[in-house]
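**Student:** pasting the sequence and the predicted coordinates here, then a few questions.
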Amino acid sequence: TDLYAVMGNPIAHSKSPQIHTAFAEQTEQSLLYSAMLVPTDGFDEAVSQFFRRGGKGLNVTVPFKQDAWRYADEHSTRAQRAQAVNTLIRQDDGQVLADNTDGVGLLRDLTDNHGVELRHKRILILGAGGAVRGVLQPLLEQQPAEVVIANRTVAKAQALAHDFDDLGRVSGCGFEALSGLFDVVINGTSASLVGELPPLPAGLVDGHSVCYDMMYSAETTVFNLWAQQQGAVITLDGLGMLVEQAAEAFALWRGVRPATRDVLEALRAALK
Ligand code: ATR
């Protein structure tokens with residue numbers, strides 16, 4: 001039986017063991033996937049020990065995504081761009097390869113699960129932290145008309161935009177500077193974790209806009225409530241992204257892509 005795990009702090013509420021165990025059953029793969037609580041200063045040691053004991057692959061979550069990027073010997077191009085990774089793969093030669101499947105997960109949920117077209121669209125992303133860094137390359141590869149990154153700390157949004165501006169039209173600003181309608185608005189701030197909402201001007205969304213919160217919860221998130229009040233009809237939360245990034249990691253590790261719909265439905269039902 002091959003060993004996999006997710007490392008984070010905190011980790012108790014992680015849904016990854018449940019998701020990957022369901023994927024393994026579905027694809028008839030023999031593996032064991034566990035959640036590991038790692039001390040904030042003990043990431044490298046925990047990873048080294050896990051791989052020494054024969055572990056095949058890891059998922060990495062808050063606060064270790066940058067540590068994981070630093071730890072790895074090799075990086076996919078999207079991981080190299082993001083400088084933060086959620087997936088480590090121990091290869092046969094012992095080298096550890098890093099990938100970031102968050103962006104692909106977001107894209108698959110938007111485009112495959114919900115039929116949202118991004119090409120030539122005007123996209124607004126709220127936040128400029130690790131979560132946003134991880135999704136910019138896959139988003140820009142869809143050739144949107146424009147991506148605007150708005151953040152509380154304006155300099156961070158501008159610096160992030162600069163890091164990706166060779167891939168497409170992307171700019172950074174503060175919330176108050178936002179204007180005009182957007183086709184797609186993605187919340188990548190951690191504000192809604194604590195029930196807060198960035199100070200957004202009115203008029204950014206209307207009935208045709210798709211709003212996506214990378215966070216998820218049993219109740220409608222504060223960001224999606226705001227979006228609905230602004231007239232948005234389609235408001236999605238990040239549970240689909242969670243399942244899709246897991247499917248992408250599973251495919252990298254096992255060479256087989258699991259179907260996600262039933263797993264997502266079961267998770268959604270269990271949230272209520
Ligand atoms: P993550 O890995 O989840 O992205 P992060 O790197 O700490 O976490 O980034 C958190 C993001 O949420 C940042 O963009 C942060 O804004 P700042 O860069 O100005 O700190 C944003 N954020 C957190 N709390 C917020 C709040 N109450 N209002 C608006 N933005 C908030």
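**Tutor:** On my side now, so go ahead.
**Student:** what residues does the stretch 151-272 of the chain put near the ligand?
**Tutor:** Along the stretch 151-272 of the chain, the residues adjacent to the ligand under the rule C-beta under 6 Å from any ligand atom are 151-153, 156, 189-191, 196, 198. C-beta here means a position set from N, CA and C on the backbone, and glycine is covered the same way.
**Student:** which of those sit farthest apart?
**Tutor:** By the measure C-beta to C-beta, these have their two most distant members at Lys156 and Glu196, which lie 17.3 Å apart.
**Student:** what's the burial count for Leu197?
**Tutor:** Neighbour count of Leu197, defined by other C-beta atoms under 10 Å: 15.
**Student:** by mean pLDDT, which helix or strand of this protein comes out lowest?
**Tutor:** helix 130-133 (a mean of 92; mean pLDDT, DSSP states H and E).
**Student:** circling back to that earlier point, pLDDT check: weakest of the residues of the stretch 151-272 of the chain next to the ligand?
**Tutor:** When those are sorted by pLDDT, the bottom entry is Ala191 at 88.
**Student:** with adjacent residues omitted, what lies nearest to it?
**Tutor:** In space, and not counting its chain neighbours, Ala191 is closest to Pro198: 5.9 Å by C-beta to C-beta, 6 or more residues apart in numbering.
**Student:** run through the residues that contact that neighbour.
**Tutor:** Contacts for Pro198 (C-beta atoms under 8 Å, 6 or more residues apart in numbering) come out as 126, 150, 152, 175, 189, 191.
**Student:** follow-up on the earlier one: put the buried members of the residues of the stretch 151-272 of the chain next to the ligand into a PyMOL selection.
**Tutor:** Burial among those is assessed by 16 or more other C-beta atoms under 10 Å; the matching PyMOL selection reads:
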select buried, resi 151+156+189+191+198
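**Student:** dump the residues of the stretch 151-272 of the chain next to the ligand into TSV; add distance to Arg52 and secondary structure as well.
**Tutor:** TSV is the format used below for those (distance: C-beta to C-beta, whole Å; DSSP: H, G, I helix; E, B strand; the rest coil):
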residue	distance to Arg52	secondary structure
Asn151	40	coil
Arg152	41	coil
Thr153	40	coil
Lys156	37	helix
Thr189	38	coil
Ser190	33	coil
Ala191	39	helix
Glu196	42	coil
Pro198	43	coil
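**Student:** and which of the residues of the stretch 151-272 of the chain next to the ligand is nearest Tyr33?
**Tutor:** Taking C-beta to C-beta as the measure, Tyr33 lies nearest Ser190 of those, at 25.6 Å.
**Student:** that closest one against Ala131, yeah?
**Tutor:** Yes - counting by C-beta atoms under 8 Å, Ser190 does reach Ala131; the two are 7.4 Å apart.
**Student:** now the element after the least confident helix or strand of the chain, going C-ward?
**Tutor:** Per DSSP states H and E, helix 130-133 leads on to helix 136-140 as the next helix or strand towards the C-terminus.
**Student:** paired strands for the helix or strand following that next one, with orientation please.
**Tutor:** As assigned by DSSP H and E, the chain's next helix or strand after helix 136-140 is strand 146-150. Partners of strand 146-150 in the sheet, by DSSP bridges, are strand 122-126 (parallel), strand 170-173 (parallel).
**Student:** need the winner for burial among these.
**Tutor:** strand 122-126 (a mean of 24; mean count of other C-beta atoms under 10 Å).
**Student:** quick one: contacts of that strand?
**Tutor:** Against strand 122-126 from outside (C-beta under 8 Å, 6+ apart): 132, 135-136, 139, 144-151, 175, 178, 180-189, 198, 200, 204, 223.
**Student:** and for stretch 81-92?
**Tutor:** Contacts for stretch 81-92 (C-beta under 8 Å, 6+ apart): 47, 51, 55-61, 65-66, 68-69, 71-72, 75, 79, 96-103, 130, 133-134, 136-137, 163-164, 245, 248-249, 252-253.
**Student:** in helices, which of these appear?
**Tutor:** 47, 51, 65-66, 68-69, 71, 79, 102-103, 130, 133, 136-137, 163-164, 245, 248-249, 252-253 (DSSP state H).
**Student:** just the buried members of these?
**Tutor:** Going by neighbour count (16+ other C-beta under 10 Å), the ones in helices among the contacts of stretch 81-92 have 47, 51, 65-66, 68-69, 71, 79, 102-103, 130, 133, 136-137, 163-164, 245, 248-249, 252-253 buried.
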